[in-house]
Every structure is written in structure tokens, then in C-alpha cells.
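S.K.: Predicted model and sequence below, questions to follow.
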Number of protein chains: 4
Amino acid sequence: MVIVLREGTTDRDVGELVARLHEVGAEAHVSRGEFRTVIGVIGDRERVMQMPLEAYPAVEKVVPIMKPYKLVSREFKDEPTVITVGDARIGGGGFTVIAGPCSVENEEQVVEAAHAAREAGAALFRGGAYKPRTSPYSFQGLGEEGLAMLARARDETGLPVVTEVLDVRDIEVVARYADVLQVGARNMQNFLMLRDLGYQEKPVLLKRGMSSTVEEWMMAAEYILKEGNKNVILCERGIRTFETGTRNTLDISAVPAVKNASHLPVIVDPSHATGVRELVAPLCKAALAAGADGVMVEIHPNPREALCDGPQSLTVSGFRAMMDELAELAAFLGRE
Amino acid sequence: MVIVLREGTTDRDVGELVARLHEVGAEAHVSRGEFRTVIGVIGDRERVMQMPLEAYPAVEKVVPIMKPYKLVSREFKDEPTVITVGDARIGGGGFTVIAGPCSVENEEQVVEAAHAAREAGAALFRGGAYKPRTSPYSFQGLGEEGLAMLARARDETGLPVVTEVLDVRDIEVVARYADVLQVGARNMQNFLMLRDLGYQEKPVLLKRGMSSTVEEWMMAAEYILKEGNKNVILCERGIRTFETGTRNTLDISAVPAVKNASHLPVIVDPSHATGVRELVAPLCKAALAAGADGVMVEIHPNPREALCDGPQSLTVSGFRAMMDELAELAAFLGRE
Amino acid sequence: MVIVLREGTTDRDVGELVARLHEVGAEAHVSRGEFRTVIGVIGDRERVMQMPLEAYPAVEKVVPIMKPYKLVSREFKDEPTVITVGDARIGGGGFTVIAGPCSVENEEQVVEAAHAAREAGAALFRGGAYKPRTSPYSFQGLGEEGLAMLARARDETGLPVVTEVLDVRDIEVVARYADVLQVGARNMQNFLMLRDLGYQEKPVLLKRGMSSTVEEWMMAAEYILKEGNKNVILCERGIRTFETGTRNTLDISAVPAVKNASHLPVIVDPSHATGVRELVAPLCKAALAAGADGVMVEIHPNPREALCDGPQSLTVSGFRAMMDELAELAAFLGRE
Amino acid sequence: MVIVLREGTTDRDVGELVARLHEVGAEAHVSRGEFRTVIGVIGDRERVMQMPLEAYPAVEKVVPIMKPYKLVSREFKDEPTVITVGDARIGGGGFTVIAGPCSVENEEQVVEAAHAAREAGAALFRGGAYKPRTSPYSFQGLGEEGLAMLARARDETGLPVVTEVLDVRDIEVVARYADVLQVGARNMQNFLMLRDLGYQEKPVLLKRGMSSTVEEWMMAAEYILKEGNKNVILCERGIRTFETGTRNTLDISAVPAVKNASHLPVIVDPSHATGVRELVAPLCKAALAAGADGVMVEIHPNPREALCDGPQSLTVSGFRAMMDELAELAAFLGRE
């Protein structure tokens, strides 16, 4: 950490700051320039980070040098994390496709969609039983009944199930039915939910918050790893920007950026990122080429009957066509 | 609602859509133009909103006409909502100041800050016992112990206490100690927490999400009102933009925009919006002049000892000076 | 400037960097920590800034310490700049209102609007003869003919005229007719236009770019001052964000932030910032309370005949009512 | 166009609006609902667009239905535009790489870089002779002298040259030396420059503005096509968002979105989009997979001597390695 002091800072101010840094066990290297004085700080990151350094009138700026996360970083563990769920693997060189409807509507729809997903080559099945909805008047999901339908779809097809935990009180029930616990974008900074998911054994799929930086996303994963659950899959799903032509803006750069920074697998959700069906297939290919470990897409046996997000769901035939292309491209790139 | 159809839509497509609209009890007025056909829809908003209209290939765009919220709107209730907590009133023409430290650190600090707040003219006292922190290694708050300290500060000063509910499981305990339950920006779309706060009797202070539109914020309040709790105070605290000179960008236009749209009181938090102490006083005055019902500011007896957000906390003397100016300005404007 | 080096940097890397810094006449203070080495650099800002320091593999981050602008800063000149145009003054404690239609449409409209502006208390008159329009099919302004109409409005009312320079080749002709040369948001980083305006004698009103930081805005003003024109009025007009309820998001915090950083006057344009007539008056009051030196608002004798931006223009009676309120508030605040 | 009227609108208001629409030759279909009245408008787009409809008190919202651009749209011309410059082709199924240094520094550097570009397989050479710089104290480019160096690099290598026009007054001189005229992000809405480039015969490479929507970008291209120059290459170069880990956020979705909307070729510039060398190669592959017609990348014989943007420039060997991968991937995808 580097502390830049304001012009006109006195020796007493500097001495006071240095003394405080020593109190928390840190070393302070003072470097006086013609206009500015700079203090380089070395010490226990956590303890120094808790000091309100910017509240000192003499302090102009505090510049962190080391990344604020540890367990998720490549410095801590260089080897890529590979997550195994049933027959599916995520991370470590392959390319994994997760597919299914936005929300669970009835057993027939779910089972039909799961069969379609498996036949086209998906490795995991997704579907929402608890739905975050902007309006209290919109369909909120089937709850545990929906979870049971998802479990039946898994039993029929063998595909492990990914589903969202919307409320921290539902972690147990979701973990009873599902194979991977999804944290939605709106909960990426629900820190107590993250902590409690850290106590779970099942893998967590952590969506990036719609206004979160990549660094904040890494910190959210750190909350989970810190409590013991090492199986976190990161999912880029678009960030909120001024562009209104797509629902969000898919931050494709986040894929190689995360690969450079972390050992955790990262996948891409182009359905939610764009909200536009026509963009899903080209963006899945882009994600694969950019180095993502997989994609998560919405499919629906009959998109115009879908209770949510119909406009972005692929039809079964559209999904099959895309999977053929992805499979060839993945094979060419030596991915799976 | 207006449905704009794509060019080349056939009569059969139109007929199919109209039939579906009739099924949910809506009327459909078809208007054919030279290039486009448009359907005006009248009917039960909730039922129509649940139809995945944009999934129909014939549909190019769906344009909602009516606002998606009801109970929070001026159309529903024109008279401003006034919220009474102890001796404090929020809304209805006055200008209410809520002040206190970012986080509760120890009893002495809290009680000292509460006295300072009251003496300078604040009407409510704030302080965080549960703190949302980007890093799992940062100070996370004192929890129930902190709540007890806040309650003691209230007992000593008479100022009602505002504090954040960070986890839905803590609603009960927070409601036992606090007078106003705060929903932080990161929980603005924690829909089940909103619903459960709707069952509470204590007022809720609902911060705007850092990437939420004003309309989404109104919808979040609607979740609370829908369950019966009519006492919601809206709090603008800055949105996330590309500007890095301030922590967030205070959206001052949201104040008159909310006043036009809703009967609920709206206050401004310039401390979190900017993260810069020097900007707090001018922005409090701007909030008052723009028509806000109050402000919430951070003060700390000793900002450089603060365990969080020191750089934006006002000193006690700075707070007093600001309160004098605000009181005069409020009196001139006939507010309070 | 502080240069933070990557972990594992060798002495040779450090030596190479220090040698390069010495070549451009800078001093380099090397400070070695347990994990990182940091170099504090002191020297001629311009020369060091031109070194591509971040291209060195050993360099992790370059942290500028001093502000990149000089002539516009309070450090360079603490006394507020006051700009006098005809009988109007901008800066130095008063509150100046600039009003007029978005675009010049015909002589009658312009003269009528100018009379209305003067009678209500505006100090300058605005109107666009050259209009930046997103579509090539929209009305592009009357050009020199429009400038002549503005000049006639000034002759009739005595109000100095502010108008936009849209093309660098029009600086001369605009300067012949107008009293203040406006740079629109889209030209804020048209660096050669800024330079050429720096050669002019007439004051420049510099709008903030819709995706420019406050710092970049200061740098744009620096371009003008560097060439000799010291009379720059800064104008906050909203930045582009995800919020769609208003056309842009008025960054009210920029007002006190600019006042802290610079001696130049800063005004606010709530008409373009919001695009919503109802928000103009409350935001003008907020701008005054936040410390702005003035506002610029759109008025139109008949907004529904306006060739551009009708929805945000105040009617003459609406403008008068607002001016009465602003005059009282300004008097109370000791501003003019 | 659909006009939604406010609640409580009288027949007289409706009649007045309809009369005004008839005056500009438009048809108006009035549709009365229980709560709202909606008018569907059919007529000459340009004339209706110039009416200030939103200024009518009765009008709540105006919803455009047709896209505001024409000549650039697929509806107008479905066949992809292919642009031929010397031996290079852009659009129509191939994948074209444009490479070169950010700025022209001296003849040796430029010629060396051009040879490296050609040998690795680039089809065009880029380099800036006029540089837009945030600071007036930074290196501003060599001007015409730099253009002459670029021309010499073309003469030696046969690669056509792409270079930026920074000022409308330099169009002629740039067109004398260069083969493709680049419009930078900051000039994307310099409408008079766009118009003047429409009079040119040489192709234009139009970068997307950093806060421009895809629709606004299409409109900027429309300005050029409208004047007769049909050869416009669109270049996605990242938009400004809250994310600070990359310089801008590459909007990869814009590639398929533009392909759907327009016949013009679209390429991607990952160097400026991210500012991070390590991200360039994965993003070039992503661009290819997403359907882009090419990429533009920065290379420098010696990035640490570069006078601008060193950190994002590829070394010659890094560029060669990437080109090998891109060539294989393009061949597999049947592109080129």
C-alpha cells in the first residue's frame, strides 16, 4: 500500500501516521519528494485495510498495491480448479454447456426441455424455481414444487441441475434437490448468503452483479472460498450500461481477465446478457473463442408460452443447430 | 400497452395474438398502417404483463403505457405520506436530518455521536450494526451487541434509531431494537426481504440500488406496500457511473422525479453518494432546495478512528456548522 | 508520480527504469518492500508523462499524484475568475441566468424570447444557429442567418448572446456575431477546436462531455487557457448513465467538486440534463444551493412549435415564476 | 410512430394534434382505450420527426417504430457491402487484420512496423499522425510529416494505410496520403466532419463513440452515406462503463447486432477497448467467432519506447503468434 500525502504536510503529521501504522504492526517507508511525501506500507493486509487512513487530513490518496483477494487468485493456486458434478466437468480445458428454461412452469415443460438439452449435448440442466422479479405482480416461481420437478428432470435424463437460491433461508431446501446452487446477479453482494454457501458442499455458480467490477466479483467468490467451499463457478452475465439495444452489455473481456487473475472456471450467459435470441449463438462462439469454460443458455420447448424471458429463449431446433456448431468449434480448438 | 408488430405480419399472426389476449381477458384494438400494424391492449395489467408477448415472432416491440407500480404512485394516493417516529416526522413539508456514524464501534462513540447529533438538531440517529463489506477480511459490524448500543444511545438522547437489516433472518432482532429498518443499496432487489419488511409495522428506509432506475426503485417500494407496510422512506444515495472522482454519482434529479411520481417521502444521502467530506454540505443544501424531505449524513466524533468510511464522515464541528446553514435555509424556504 | 513494480522484478529492471527516468531529467526514489518495489518520481511533469512507463514489463501500475492540469487549478490561481460580458458577470459570487430557445427558428421567435428572457431577469440570451443532430434528416439550424437573428435580439434587448460553435471552421463567423462561444458536449474533446478557441478573445462556455470525467473536463479547459484565453465558463449538463427516466443524469456533485479544484466559474444546464420540463425549476434551485455560478435554461415562446427540444423548454410564464423564486433564494443566500 | 396521450386528454386536444399531423402530410389513426388514447402515425418520417410532438401537453410519450436510419440498413440493401482498398478487402465473408503502431514516431519505426505487419499477414497498416490527447501537454502527433512516413511505409510494403482525421480541415491532406480515413471515437458525432467525409471517395473507418449507442453509431454512418460515400467500415472500440479493470468495455454484442441491422462491415479494436496487452489475442478470436469482418490491433517494434499507448501494444513476436492462431481459426470457420 502506498499513501500519498497532501502538499504542506508537516513532519508531525507524518510522524503521527507512521506511529499509527506501527501500532498495527506495519512497516512504513517514508519517501520525501520536492512537492509530495509518499509512505510505502508493508504489513498485515487485513489489519492495515481496517485503518481509516483516508480520514487523516494529511492523506491525499491511498493506493492499494496488492490485490484484495487471496484464495481465488492464481498467486494462491495456479492450477485451474476443475469442478465435477455427476458426469459433468467444468473447468480444466473443456467447454461445458448448461441449458434449460428461465423458469420452471410445469413438469411436462421441464422434462421435455431436459431431454432436449441432453440430446443436443448439454452437460447440465438449468431452471428457476424461485424467480427474482422486478414487479411484485409478476410470476415469482413455483418454489419447492418447482425444485421437485427439476429433480425429476434430472432423474429422467441424468443431467445435474443448476438452480438459483433467492433467499438465504432456502439454501437447505435448494441443496436437497439441486446439484449446483446458483447465486443471481442481485445477490452477488448478499454477503451473508455467500458466507452460508461457503459452508455448503455443493458447487456454487456465482453470477456477476450487474454493476459489479471484476474485482468485486472476485471478492464475492472469496467470501465463499473463505468458509471452505472451493467449488465456485463464475458466470459473466452482462453489466448495466447506457446501451439500450441489449438488456445488459456482455463484458467479454472479463473472461480472459478472470482467467489471468483466478484459477476458478468462468462461463458466460449470453441469454440474460442480451435478452435477444438472435445474439445468443454468435456470443456463445465468442465466449468459447475467448477462453470461457462454458456457457449457460435459455431454451424453451415453446418460447411463446414461457412465463418469463421468452424473447431470449432459443427454440429446441435453434439450440441443436448452435450445439452442432459449438461442438465442431470446440473440437477444433482442442476443447473437449 | 401497445404492441408493435413486425413488417410482413400476416392476418393469421394478428389473429393468434388477439385470441391469446382475449384468453386473459384483455381487449385488443388492432390498427393497421401502411408498413406496420399496432395493437392497443386494455385489460388487467398483471395478467397481461405475465404473457411473454415478445416471444411471438410477429412482435417487434411491446410498449408499456401505464406505470408498473400502483400503491406507491400519486395516482393511487395524491396526499404526501408523512411518517412519524417518536418525535420525528418525515415527509409533508418539513426537512428531517438523520445523522450518525457509518458503523457502531463501541458504546462511548455511539452515545457521544448521538448527543452531538441531537445537539446540532438532527431528528433521528443512524449507525450500522451489520455492515455490508466488499471484502470478507474487513470489519463486519458488531451485530446484536451494536444494536443494543444504538438502543442505549436512543434512551440517552431520545433520538429514534435507523439501522440496516443486512440479512432477512435479522429482521426480527433489528426490529426489536431499532425504530426504522434500513434496506441498503445492495438489498434493494432482495425481493423476499422487501416482502417480509412489508409484514413489519416499523417504517422502512429504502435505499436506491446503485444500478437501479427510479422506476425499479418504485417497484421495490411497491413490494413493501403490497404487504401492508405503508411507511416507506426512499433514500437516494448515488448511482454507479463511469465518473471516478466521487464514489457514486448523486442523482439529484431523482428527488423531484420521485416527488412527481409518488406520495412517499424521499431523502438524500450525500455521504455515501460521494465519499468526499467536502461535498456533503453543499449537496445537503442542494437536496433541500430540490425538494427532498431530508438528508442522512455520516458524522463521527473522531473520523480518523472510524472503522469504516472515515473519509466521508463530518466532524462534529463541521456537522454543527452545516446544520446552522440548513436550518436557516429551511426556514427561509418554509420547510420546518 | 509513483511507479509500482511487479513482484519478482530484478535489480536490473529497476536500474533500467531509473536510468530512463534520469534521461528525461527526473529524480527516482526507489523504495523496496517485502513483496513490492515502488519508485517515487519527481521531475518535469510533461516530460515524464510522455514516457510509456506502463509498457515496461516490470511496471505494474503508474499512479499519478499531481493533478494533470495546471492553469485551471486553484493551486495556480486561487482567486475566482469573474467573466464580464456586456452588463453581465459570471463568477465571483453572483448567480447568472442564461436563457433562450434551443434553436433559432425565425426572427420573431428569437426577439420575443429575448424580451421574455430580459424581462424575467436573465443576464444573457442563448440560442442555437448550428445544431448537432443525431439524425442527418433532422433540422440542422439556420447557420449564419440564425446568427444574424441572435445579434438583432441582442441589439433590441441588450442581452449578450451565447451560441454554439459546431465546426472549427465557423469560429470566426460565430465570434463576429456572438458574445460567448459555446462548445457543445460532443465537442468537449475536439482538441483542435479547443486550441483555436484559446486564440480567441471572447469567452468560451465549455459544456462537459456526456461521458467525460470532471478531470477530463478540466483538461479540456486547460487546452483553451494554455493558448491565452482565460475566460472559460464551465457548464455541467448531465452525463450518460443507465437511467432512462431522464435524458442524462445531472451530476450535481460536479459543482462543488469543480469549485474546490478550479477558479473558473461553473454553471448548470438542467434542461439538457433531464429533458423534462417539470424538473428544471427544482434543479435550478439545487444548482444555486450547491454553489453554482449560474444556470442555463431553455425557454420558448411556444414550446409546441419548437423545432427541437420542445419537451424540455419552459414557457415564458413558467420561466418567470421560476426566476422570481430564484431571485429570492439568491438574495437570501447573499448571491447577487 | 405511436403517440401515447395522457389520461384525461380531451377530444379537442386530440383534434388539434391530428390537424397538425395532417398539415405535414401524415395519416393519424386514433385508438381510444379505457384509460388512454393512442394515435398511430403514418407519413414521411423526416417531416414527422421534426415536429416537437412531446411538447404538446396532451402527449405522454412518442414511440418511434421504424428505425431512424435508412441507407445503412439491411432493409435498404441486404447484400453485404465489400470494401476494396488496394489488395485488401473488408466485408463479404473474409477476416481482415489492420495492424500498426498507435502513433507515428519516426520513419524507421513506421517502416519496421509495416514490414512486421505484412509479414505476419495483416492486410492494412495503421498509424496515427494526428493524435487526440486528453492533455495539451502530451505528444500530439507529427502531422503531415507523419502522413508522409505512412505513405512511405505503404510504398515499401504495399499495405494500404488507415489513419485518423482529427480535424475537419485536414480531410484533404489526409486523403492525399492515406487509403482509409479514420474517424475517432471522439469525432463520431462531429456531424459536419461526417458530412464532409461523405463527399470523399476514399473509404471511411468509423469508430463507435465511447458513449454512443449502436443506433447512434448507425446514424453517424448514415450521415456519410447520405452524401454519397458508400464505403464505411464500422469499428467497435469499447464503451465507457463503471468497470475500471479495462480502459473501456468491449461491447462484443454490437458485432452480431450490427450484422443484423446493417450491410456495412464491422471490425473490432481490442487494443483501445481494453488497454491491456494480454487481453488482445483472446478478444481477436472472440471477434472472429462472433462474426466480425476483421480486427484492428496495435503493434510496436518496441512497446516501451512507444510515445503513446505502449501498455496495450503487441510486440512483433506476440503479433505473429496471434496471427497464426487467427489464420487457422479463420480457415476453420471458412472465413478467408
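M.R.: Happy to help now that I have it. Computed from a predicted structure; not experimentally measured.
S.K.: Only C-alpha atoms from now on, for both contacts and neighbour counts.
M.R.: Will do.
S.K.: contacting residues around the closest residue to residue A:83 other than its chain neighbours?
M.R.: Spatial nearest neighbour of residue A:83, chain neighbours left out: residue A:90 (5.1 Å); criterion: C-alpha to C-alpha, 6 or more residues apart in numbering or on different chains. Applying C-alpha atoms under 8 Å, 6 or more residues apart in numbering or on different chains, we find residue A:90 in contact with A:82, A:83, A:84, A:96, A:233, A:265, A:293, A:294.
S.K.: Where does the one residue in the stretch 151-300 of chain A that gets nearest to chain D sit: helix, strand or coil?
M.R.: Residue nearest to chain D within the stretch 151-300 of chain A (C-alpha to the nearest C-alpha): residue A:286, separated by 4.1 Å. Using DSSP: H, G, I helix; E, B strand; the rest coil, the structure places residue A:286 in helix.
S.K.: The lowest-mean-pLDDT helix or strand in chain A and chain C, are they touching?
M.R.: Every helix and strand in chain A was compared by mean pLDDT, DSSP states H and E; the lowest is helix A:45-49, with a mean of 73. No. For helix A:45-49 and chain C, the contact criterion (C-alpha under 8 Å from any C-alpha of the partner chain) is not met; the two come no nearer than 12.0 Å.
S.K.: Stretch A:121-135 vs chain C: in contact?
M.R.: No. Stretch A:121-135 is not in contact with chain C by C-alpha under 8 Å from any C-alpha; minimum separation 15.5 Å.
S.K.: so how far is that stretch off the chain centroid?
M.R.: Chain-centre distance of stretch A:121-135: 15 Å, with C-alpha atoms, centre = their mean, to the nearest Å.
S.K.: Can you classify residue A:70 by secondary structure?
M.R.: Criterion first, three-state DSSP; result for residue A:70: coil.
S.K.: what's the answer for residue A:122, then?
M.R.: Residue A:122 - assigned by three-state DSSP - is coil.
S.K.: For the helix or strand harbouring residue A:318, which outside residues touch it?
M.R.: Here residue A:318 sits within helix A:316-332, counting by DSSP states H and E. For helix A:316-332, the external contacting residues (C-alpha under 8 Å, 6+ apart) are A:95, A:113, A:116, A:120-121, A:281, A:284-285, A:288, A:299-301, A:336, D:332.
S.K.: Now which of the residues you listed would you call buried?
M.R.: Neighbour-count burial (16 or more other C-alpha atoms under 10 Å in any protein chain shown) is assigned, among the contacts of helix A:316-332, to A:95, A:113, A:116, A:120, A:121, A:281, A:284, A:285, A:288, A:299, A:300, A:301.
S.K.: still on that earlier bit, quick one: residues in contact with the least confident helix or strand of chain A.
M.R.: Here helix A:45-49 has contacts from A:21, A:24, A:26, B:137, B:138, using C-alpha under 8 Å, 6+ apart.
S.K.: Quick one: distance of that helix to the chain centre.
M.R.: 26 Å.
S.K.: Just the buried residues of that helix, please?
M.R.: Quick answer for helix A:45-49 (16+ other C-alpha under 10 Å): A:45, A:48, A:49.
S.K.: Quick check on whichever residue of the stretch 1-150 of chain A sits closest to chain D: phi, psi?
M.R.: For the stretch 1-150 of chain A, the residue closest to chain D is residue A:67, as judged by C-alpha to the nearest C-alpha, at 12.0 Å. Note on residue A:67: its backbone torsions stand at phi -60, psi 150 [degrees, to the nearest 10].
S.K.: cool, residue A:157 as well?
M.R.: According to degrees, to the nearest 10, residue A:157 has phi -110, psi -20.
S.K.: re earlier: now the two most distant members of the buried ones among the contacts of helix A:316-332.
M.R.: Greatest spatial distance among the buried ones among the contacts of helix A:316-332 (C-alpha to C-alpha): A:288 and A:301, at 24.9 Å.
S.K.: what about residue A:98, which SS state?
M.R.: Going by three-state DSSP, the state assigned to residue A:98 is strand.
S.K.: Quick check: it touching residue A:125?
M.R.: Yes. The pair residue A:98 and residue A:125 qualifies as a contact (C-alpha atoms under 8 Å) at a distance of 5.6 Å.
S.K.: Looking at the two now, which is surrounded by more residues?
M.R.: residue A:125 (31 against 26; other C-alpha atoms under 10 Å in any protein chain shown).
S.K.: wait, doesn't the more buried one sit right on residue A:96?
M.R.: No. Contact criterion C-alpha under 8 Å: residue A:125 and residue A:96 do not qualify, at 11.1 Å.
S.K.: and the stretch 151-300 of chain A, which residues reach chain C?
M.R.: So the stretch 151-300 of chain A meets chain C at A:240, A:241, A:242, A:243 (C-alpha under 8 Å from any C-alpha).
S.K.: what's the closest of these to chain B?
M.R.: residue A:240 (7.1 Å).
S.K.: Just give the number of residues close to that closest one.
M.R.: That count, for residue A:240 with other C-alpha under 10 Å as the rule, works out to 27.
S.K.: rewinding a little: next, the angle helix D:316-332 makes with the helix holding residue A:318.
M.R.: 130 degrees (axes from the mean of the first three to the mean of the last three C-alpha atoms, to 10 degrees).
S.K.: you'd agree residue A:31 is in a strand?
M.R.: Yes. Assigned with three-state DSSP, residue A:31 falls within a strand.
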